[in-house]
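Asks: Take a look and give me a structure for this.
(2 chains)
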Amino acid sequence: MKNLDKIPKQNPFRVPDNYFEDVSKKIIAATSEAGGKQKHPGKVIRIRYIIAIAASVAALTIIGITGLLTNTRNGNRDIAFIDLNSEQVLETIIYDIDIPTLEQEISDSWFETGLTGLDSEEIIDYLINENIEPSEIYELL
Amino acid sequence: MEGKDCDRDITDLLQKDTSKGFRLLVERYSRKLYWHIRRLVILHEDADDALQNTFMNAWKNLGSFRHESSLYTWLYAIATNEALAILNRRNKNGTASLDDLAGILARSVEGSTWFDGDEAQRKLQNAILKLPEKQRVVFNLRYYDEMPYEDMSKVLNTSVGALKASYHHAVKKIEEYLQTL
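Replies: Here you go, the predicted model:
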């Protein structure tokens, strides 16, 4: 028999006399004072959503017009950002990245957080997530 | 019985008459939520604050409660957050680490007039207080509230497998602690 099973499963804490009656009255009184001031997040989310879309459209428009005007004024009409298709944009961005540095960063972080970094609790969590019974796992460990 | 069907009377009443529905909700849940919070924060005064905050938050956010989900898991989630918020505030204000906080809470159990458990229960509370925060929540919900893992998954927004693992880790650590005494 385990030690935990020997301890009676009962609540060891106490509260002042009439606590639950008093606190219920206090809560009801407080909510009555607050009245119907409940949040309606559905409306807030919708307004925020509309504002976010409007802000994004405005930002994209400004960036596009600025890029077009700048490149047109400089006589570089052929390489204006607005004229590039999505593949060309991606290539432009990728060419600006230092690939060896990126590879180094990826490999360092991989080895830091790779399998060697797992502790026994994480391995047990994984096995339980794979529906292996905890008792079987503890027997094997 | 816990869960969605059990609280159908409350959710129906909340839609017809919010004040009456909320009164019924407070009557049904104040004790359960208080004991859940109390086992986490230990001190009655903190549990009292967290309980009142829980119901005030529930009242303010009734509009966001999705009636097809369970009122009981929604309330337990709010209560758990309030209890952990109080513990975190206590930790930031006065102590350096979670171990220190566990020590302070353990001493609160020792000296509290609102604790009337025997020696074995005192040791069990001390063992529970030594657990990491998440394991402590999971252990209390499973051991004392006997909450099904599926419901706990909704309360803590964690997978059932991870919760089972947490509970087994917690039991193992408690057993180890109890054996050393």
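Asks: Low-confidence regions, chain A specifically.
Replies: Scanning chain A for pLDDT under 70 picks out the ranges A:1, A:36-54, A:67-120, A:135-141.
Asks: Show me it divided up by domain.
Replies: A:40-84, A:97-141 (automatic domain parsing).
Asks: Okay, B:Glu27 and B:Thr18: tell me how far apart.
Replies: To B:Thr18, B:Glu27 is 15 Å away according to C-beta to C-beta, to the nearest Å. (Each C-beta comes from the backbone N, C-alpha and C, glycine too.)
Asks: again with B:Leu51
Replies: 20 Å.
Asks: Which one's more surrounded, those two?
Replies: Taking neighbours as other C-beta atoms under 10 Å in any protein chain shown, B:Leu51 and B:Thr18 compare with B:Leu51 leading, 30 against 16.
Asks: What residues sit buried inside the helix or strand that that one is a member of?
Replies: Following DSSP states H and E, one finds B:Leu51 within helix B:44-60. When burial is assessed from 16 or more other C-beta atoms under 10 Å in any protein chain shown, helix B:44-60 yields the following buried residues: B:44, B:46-59.
Asks: Which strands or helices does the helix or strand following it pack on?
Replies: Next along the chain after helix B:44-60, taking DSSP H and E as the criterion, comes helix B:71-94. When contacts are defined as 3 or more C-beta pairs under 8 Å, 6 or more residues apart in numbering or on different chains; DSSP states H and E, helix B:71-94 sits against helix B:18-41, helix B:44-60, helix B:98-111, helix B:133-143, helix B:149-156.
Asks: To B:Glu82, which of those lies closest?
Replies: helix B:44-60 (4.2 Å; C-beta to C-beta).
Asks: If we ignore the residues flanking it in sequence, what's nearest A:Val15?
Replies: Closest residue to A:Val15 apart from its sequence neighbours, by C-beta to C-beta, 6 or more residues apart in numbering or on different chains: B:His44 at 6.3 Å.
Asks: Contacts for stretch B:126-133 next, please.
Replies: B:39, B:42, B:84, B:87, B:98, B:102, B:105-106, B:109, B:136, B:139-140, B:170, B:173-174, B:177-178 (C-beta atoms under 8 Å, 6 or more residues apart in numbering or on different chains).
Asks: Buried residues, that stretch. List them.
Replies: B:Asn126, B:Ala127, B:Ile128, B:Leu129, B:Lys130, B:Leu131.
Asks: same deal with stretch B:66-84?
Replies: Counting neighbours by 16+ other C-beta under 10 Å, stretch B:66-84 gives B:70-76, B:78-80, B:82-84 as buried.
Asks: repeat for stretch B:169-181
Replies: B:His169, B:Ala170, B:Val171, B:Lys173, B:Ile174, B:Tyr177, B:Leu178.
Asks: for the first one, what are its contacts?
Replies: Yep, that's B:His169 we're talking about. A:Glu121, A:Ile124, B:Gln135.
Asks: Please report the distance of the second one from A:Asn3.
Replies: Right, A:Ile124. From A:Ile124 to A:Asn3 the distance is 21 Å (C-beta to C-beta).
Asks: Of these two, which one has the most company?
Replies: Taking other C-beta under 10 Å, A:Ile124 and A:Asn3 do not tie; A:Ile124 has more neighbours (20 against 17).
Asks: The more buried one against B:Ala165, yeah?
Replies: Yes - using C-beta atoms under 8 Å, A:Ile124 is in contact with B:Ala165, at 5.7 Å.
Asks: Overlap of the contact sets of the two?
Replies: A:Pro134.
Asks: dump the residue contacts of the residue most central in space within chain B.
Replies: Per C-alpha atoms, centre = their mean, the C-alpha nearest to the average position across chain B is that of B:His36, at 3.5 Å. B:His36 sits next to B:Tyr76, B:Ala79, B:Thr80, B:Ala83, B:Asn140, B:Leu141, B:Tyr144, B:Asp145 when contact means C-beta under 8 Å, 6+ apart.
Asks: Distance check, the nearest residue to the first one once chain neighbours are set aside against chain A.
Replies: Counting by C-beta to C-beta, 6+ apart, B:Val155 is the residue found nearest to B:Tyr76 once chain neighbours are left out, at 4.5 Å. Between B:Val155 and chain A the distance is 19 Å, computed by C-beta to the nearest C-beta, to the nearest Å.
Asks: Quick check: pLDDT value at B:Val155.
Replies: Looking at B:Val155, its pLDDT is 96.
Asks: show me what contacts A:Lys6?
Replies: B:Ala120.
Asks: so which residue of chain B comes closest to chain A?
Replies: Minimum separation of chain B from chain A (C-beta to the nearest C-beta) falls at B:Gly117, amounting to 2.6 Å.
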